[in-house]
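Visitor: structure for the following, please:
(chains A and B)
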Amino acid sequence: MNFYFFASPATFFRLAGATAPLLFVAALLSGLAGLYLGLFVAPTDAQQGEVYRVIFIHVPAAWMSMFIYVVMAFWAGLGFAFNTRLSGMMAAALAPTGALFTFIALWTGALWGRPTWGTYWVWGDARLMSELILLFLYFGFMALHASIEDPRRADRAAALLALVGVVNIPIIYYSVKWWNTLHQGASVSLSAAPKMAATMLSGMLVMALAFWMYSVAAAMLRVRGIIRERGS
Amino acid sequence: MSEFLQMGGYAWYVWGSYGVTFACLALEILLLVKRETKN
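Guide: Numbers count the residues shown, from 1 in each chain, chains lettered A, B, ... in the order given. This next block holds a predicted model:
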């Protein structure tokens, strides 16, 4: 068995079917652990009180919204460059889950913004707008893909959109540095000491792990549907 | 328990976030499983 064995949709179909249930269970267990840490172990925030607990959903969801886009664009670009069938299918399988986490990041951000900033939404705020554009990029990818009947051509056209849209990811990430925004800076930095209590940080990281495994599981299940429906 | 549910007066913001998130994830799983078992 070589590296390219699983590049065949037929073999990947079985691999995806075997891994998806395991990943869903692992995501559920780590999600419960993350909820326990976030809702019961982590202390009340000195400034914000209990409302800060939105962070355990908001930050992991926002990470996933950006991470899934990069992975989607990677597969899309790979398929565009090498014309590999499975790559385009993977990109198409990731888009709805990425859009879902983008919506969750925006929704929880709005609910967190109301009590802390006094408003659910600010038009023109750099972080909020760039994340909203990310949602539109996912929608654009899915709509463009759905509008072209031949799936291989749909993969190629949508891949271009995905690749152009990657430019938005660093814009989202650095928006809080480059522009004035209501949004606070990065919660976690690799180059600085943690700014929050260890239990808060661990709750957030465990939730991020749960969302990550959930996303892989969802993409695996969806790619099976795509492989089956394309009849390959 | 009721103190926990009140979330220091922020119940709508906290549970609105958690509720919608897990409802969305559950719905996605439901749709995926439905697609999986269709054929």
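Visitor: please see if the longest helix seen in chain B touches chain A.
Guide: When chain B is parsed with DSSP state H, its longest helix is helix B:11-38. Yes - remark: helix B:11-38 sits within contact range of chain A at B:12-14, B:16-18, B:20-21, B:24-25, B:28-29, B:32-33, B:35-36, by Cβ under 8 Å from any Cβ of the partner chain. Heads up, the C-betas are built off the backbone N, CA and C, glycines and all.
Visitor: and that helix, how far out from the chain middle?
Guide: From the chain centre to the centre of helix B:11-38 is a distance of 5 Å (Cα atoms, centre = their mean, to the nearest Å).
Visitor: for that helix, packing partners?
Guide: In terms of contacts (3 or more Cβ pairs under 8 Å, 6 or more residues apart in numbering or on different chains; DSSP states H and E), helix B:11-38 is packed against helix A:55-82, helix A:85-117, helix A:198-230.
Visitor: now render these as JSON lines, adding mean pLDDT, mean neighbour count and distance to chain B.
Guide: Listed next are these as JSON lines, based on pLDDT from 0 to 100; neighbours: other Cβ atoms under 10 Å in any protein chain shown; distance: least, Cβ to the nearest Cβ, whole Å:
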{"stretch": "helix A:55-82", "mean pLDDT": "97", "mean neighbour count": "22", "distance to chain B": "5"}
{"stretch": "helix A:85-117", "mean pLDDT": "96", "mean neighbour count": "23", "distance to chain B": "4"}
{"stretch": "helix A:198-230", "mean pLDDT": "95", "mean neighbour count": "21", "distance to chain B": "4"}
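Visitor: figure out which of those helices is closest to A:S8.
Guide: In terms of Cβ to Cβ, the element of the helices and strands packed on helix B:11-38 nearest to A:S8 is helix A:85-117, at 7.4 Å.
Visitor: what angle sits between that closest one and helix A:55-82?
Guide: 150 degrees (axes from the mean of the first three to the mean of the last three Cα atoms, to 10 degrees).
Visitor: for helix A:85-117, packing partners?
Guide: For helix A:85-117, the packing partners by 3+ Cβ pairs under 8 Å, 6+ apart come out as helix A:9-36, helix A:55-82, helix A:126-147, helix A:151-165, helix A:198-230, helix B:11-38.
Visitor: okay, who's weakest in the residues of helix B:11-38 next to chain A by pLDDT?
Guide: The member of the residues of helix B:11-38 next to chain A with the lowest pLDDT is B:E36, and it reads 87.
Visitor: would you quantify the distance from the residue nearest to it when sequence neighbours are not counted to B:Y13?
Guide: Computed as Cβ to Cβ, 6 or more residues apart in numbering or on different chains, the closest residue to B:E36 that is not its neighbour in sequence is A:L221, at 6.1 Å. As judged by Cβ to Cβ, to the nearest Å, A:L221 and B:Y13 stand 32 Å apart.
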